[in-house]
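*Asks:* let me see the structure of the following:
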Amino acid sequence: MSVARSVAEVLNEHVTLEIEGIDRMYLNGYVPKLQYEMGVVGFFRNHQGYMFASSALMDPITKRFIASIEAFVRERGVPLIPFEKGQRKDDVAATYRASFSAEEGVLFVGKSQEKARVFRTEKRRNPETGQPYPWIVRATALVNQYYFYCVDRDFGPFFLKFCSYFPYTAKLCINGHEYLKRQLAQKGIGFEALDNGLASCANPERAQAICDGLSAEDIDALFRKWLAVLPHPFTAEDRQAGYCYDLSILQAEFSLTQVLDRPLTGRIFFEDVIRENLDLGRPDQAQLIFGRRVTKRTPGRFRTRVITHGVVPSLHVDYKHSGIKQYHKEGRGLRTEATINDTMDFAIGKRLHNLPALRAVGFSANRRLLDVQRTSHDCTMDEDRFQRVNQPLQVGAQRVSALRFTDPWVQAIFSVLALFCLLPRGFTNREFRERLAPLLGLPVSGMTPGRTSYHLRRLRLHGVIERQPHSNRYRVSAHGLRTVLFCVRSYNRLLRPGFTTLAPDAPSTQLSRLFTKLEAAIDERAVSAHLVAA
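*Replies:* Numbering: from 1, shown residues only. This next block holds a predicted model:
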């Protein structure tokens with residue numbers, strides 16, 4: 001079995017299984033009519049027939065709801081567990097799951113005090129009569145939350161949480177990989193679990209089709225199914241009047257798991273990732289990965305963090321409220337995972353029916369990260385390509401000047417293209433010169449559109465960039481990105497530091513000693529090649 005030598009080789013030749021799908025999703029259950037003050041007023045005045053809306057009218061509903069929960073756990077023999085402060089709820093759930101043998105049911109009900117958005121009554125006075133009257137306002141309060149930890153026949157483990165105070169919002173948490181495992185088991189397809197994922201599968205194509213088929217309708221059906229089983233505060237009359245729960249997306253994780261042939265392959269991958277991509281979180285690179293434009297007015301963080309827990313590294317790329325993390329899962333799988341905490345980061349609505357659009361963003365972000373890493377780590381080019389870039393060209397009737405490797409202007413131009421700030425949607429003459437001028441020590445006004453057009457024409461005819469049809473925008477080509485990365489890195493990492501060691505009065509440094517070793521190795525290789533040829 002060969003040892004991988006590069007990121008591209010790891011991804012192309014050492015992946016034994018690849019599964020892309022929804023991972024964890026955290027959804028908000030809410031009643032649309034009760035999300036604003038006048039909607040709450042309408043519930044009590046128009047629906048329930050009271051003269052005034054007041055928080056005092058909410059108390060009987062809350063007491064009835066809590067009583068129904070207590071009756072439920074008593075009749076079903078389900079434990080009611082108060083969560084302690086700082087206690088990991090997932091650990092408690094794992095203990096109960098280990099001893100649960102039924103196909104589906106309620107494991108236990110947890111109780112915890114947490115902050116929640118609620119409605120309260122504020123006393124106001126009529127400015128003419130001076131008489132007090134209640135007024136509904138938004139507020140936050142520390143209230144009891146009830147967690148129903150359950151196992152579903154089709155979805156596996158999940159929990160549904162209810163706030164015990166008006167308007168009784170709910171939270172649904174599911175796991176797409178648990179759904180996948182349940183579906184594979186039902187269909188008799190063999191697999192080996194990899195913690196939160198698969199290590200192997202007898203039918204990978206069918207497994208991927210199951211992941212692709214998990215839809216917003218399936219998730220909504222799960223929610224409706226268990227609303228009919230579990231106690232909740234709204235009566236049949238309330239639901240007939242339109243006071244029904246809907247779902248929105250609070251957090252969604254979209255993962256790509258690539259199972260590797262052995263742990264060494266994963267370590268090689270992350271060694272290269274950490275060495276070369278510590279700047280992925282810069283705004284310029286976040287744009288390429290997430291496909292969104294970043295300006296000075298864009299709120300949020302844009303950074304890369306490399307975190308090591310023991311000897312297992314993880315790479316985190318942040319974008320606004322969302323991000324991608326990449327880590328080596330159980331020493332066997334490369335997990336690339338986009339987590340979207342606010343769908344509006346990508347101009348997508350929060351309602352569950354927007355899941356297809358959000359899925360496209362998450363999966364494309366994962367793929368873009370891998371594409372950037374693949375090209376960034378393996379940007380070698382052959383001598384023929386290098387020579388053609390450094391020589392003038394004749395393209396039809398047009399003569400194109402060379403993009404000479406040592407020309408400071410060419411290095412500055414390539415450095416701009418290597419920043420990854422040129423969005424998937426492309427860049428204009430103006431956007432290009434605004435980035436090029438500072439690298440040359442010129443004011444932006446010193447770079448005229450005509451002068452920039454000359455350089456863009458050179459790049460286009462050399463195939464480094466391509467013009468988008470029916471527009472005045474350009475995009476870096478696939479081999480163009482490889483070319484600029486090779487040239488910029490060769491110059492900045494090899495030639496520029498090497499020149500400093502050639503000065504007559506240059507002190508002996510670790511770098512100069514390394515160049516001496518490199519020169520000796522080259523001489524030895526040349527002698528060896530000469531002897532073989534002879």
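*Asks:* hang on, G110 is in a strand, isn't it?
*Replies:* Yes - if the criterion is DSSP: H, G, I helix; E, B strand; the rest coil, then G110 is within a strand.
*Asks:* ok, for it, nearest residue in space, not its chain neighbours?
*Replies:* Y147 (3.8 Å; CB to CB, 6 or more residues apart in numbering). For the C-beta atoms, the positions are set from N, CA and C on the backbone; glycine is no exception.
*Asks:* wait, isn't F155 in contact with L172?
*Replies:* No - with the criterion set as CB atoms under 8 Å, F155 and L172 do not qualify as a contacting pair; they are 10.3 Å apart.
*Asks:* what touches both of the two?
*Replies:* Between them, F155 and L172 share the neighbouring residues L222, with contact defined by CB atoms under 8 Å, 6 or more residues apart in numbering.
*Asks:* isn't the residue nearest to G110 up against L107?
*Replies:* No - judged on CB under 8 Å, Y147 makes no contact with L107 at a distance of 10.0 Å.
*Asks:* and the most centrally placed residue in the chain, how far is that from N366?
*Replies:* Centroid-nearest residue in the chain: A338, 1.9 Å away (criterion: CA atoms, centre = their mean). Between A338 and N366 the computed distance is 5 Å (CB to CB, to the nearest Å).
*Asks:* between the two, which contacts overlap?
*Replies:* By CB under 8 Å, 6+ apart, A338 and N366 have these common neighbours: F254, S255, I324.
*Asks:* distance of the second one from L358?
*Replies:* Read that as S255. From S255 over to L358 (counting by CB to CB), the distance is 14 Å.
*Asks:* between these two, point out the one with more neighbours.
*Replies:* Neighbours around S255 and L358, counted as other CB atoms under 10 Å, are more numerous at S255. The numbers are 26 against 23.
*Asks:* ok, of the shared contacts of A338 and N366, which one's closest to K89?
*Replies:* Distance to K89 across the shared contacts of A338 and N366 (CB to CB) is lowest for S255, with 21.7 Å.
*Asks:* so for stretch 18-27, mean pLDDT?
*Replies:* Here the mean pLDDT over stretch 18-27 is 94, rounded to a whole number.
*Asks:* how about that stretch: buried residues?
*Replies:* For stretch 18-27, burial by neighbour count (16 or more other CB atoms under 10 Å) applies to I19, E20, G21, I22, D23, R24, M25, L27.
*Asks:* in what helix or strand does the nearest residue to the fifth one once chain neighbours are set aside lie?
*Replies:* Distances taken as CB to CB, 6+ apart place E253 nearest to D23, at 3.9 Å, with adjacent residues excluded. Counting by DSSP states H and E, the element that carries E253 is strand 246-260.
*Asks:* does F486 count as helix, strand or coil?
*Replies:* helix.
*Asks:* same deal with the one 5 residues further on?
*Replies:* When states are read from three-state DSSP, the local structure at Y491 comes out as helix.
*Asks:* who touches it in this structure?
*Replies:* Neighbouring residues of Y491 by CB under 8 Å, 6+ apart: F405, T406, Q411.
*Asks:* change it to 6 Å
*Replies:* For Y491, the contact set (CB atoms under 6 Å, 6 or more residues apart in numbering) comprises Q411.
*Asks:* before we move on, what about the one 4 residues further on?
*Replies:* For L495, no residue meets the contact criterion (CB under 6 Å, 6+ apart).
*Asks:* could you pull out the buried residues of stretch 487-494?
*Replies:* C487, V488, S490, Y491.
*Asks:* between the two ends of it, how far is it?
*Replies:* The separation between the terminal residues of stretch 487-494, taken as CA to CA, to the nearest Å, is 10 Å.
*Asks:* and that stretch, how far out from the chain's middle?
*Replies:* Centroid separation for stretch 487-494 versus its chain: 31 Å, with CA atoms, centre = their mean, to the nearest Å.
*Asks:* low-confidence ranges, this structure, go.
*Replies:* 1-12, 263-268, 270-313, 372-383, 418-426, 493, 496-519, 521-523, 525-534 (pLDDT under 70).
*Asks:* can I assume V40 sits in a strand?
*Replies:* No - inclusion of V40 in a strand is not indicated when three-state DSSP is applied; the result is helix.
*Asks:* so where do the strands sit in the stretch 101-250 of the chain?
*Replies:* All strands of the stretch 101-250 of the chain, identified by DSSP state E, counting those that start in this stretch, fall at 105-125, 132-152, 156-163, 170-175, 191-193, 198-201, 246-260.
*Asks:* returning to what we had before: which helix or strand contains the residue nearest to the centre of the chain?
*Replies:* strand 333-340.
*Asks:* what's the angle between the helix or strand that that strand is followed by and strand 246-260?
*Replies:* Following the chain from strand 333-340 toward its C-terminal end, the next helix or strand by DSSP H and E is helix 355-377. Using axes from the mean of the first three to the mean of the last three CA atoms, to 10 degrees, the interaxial angle of helix 355-377 with respect to strand 246-260 works out to 30 degrees.
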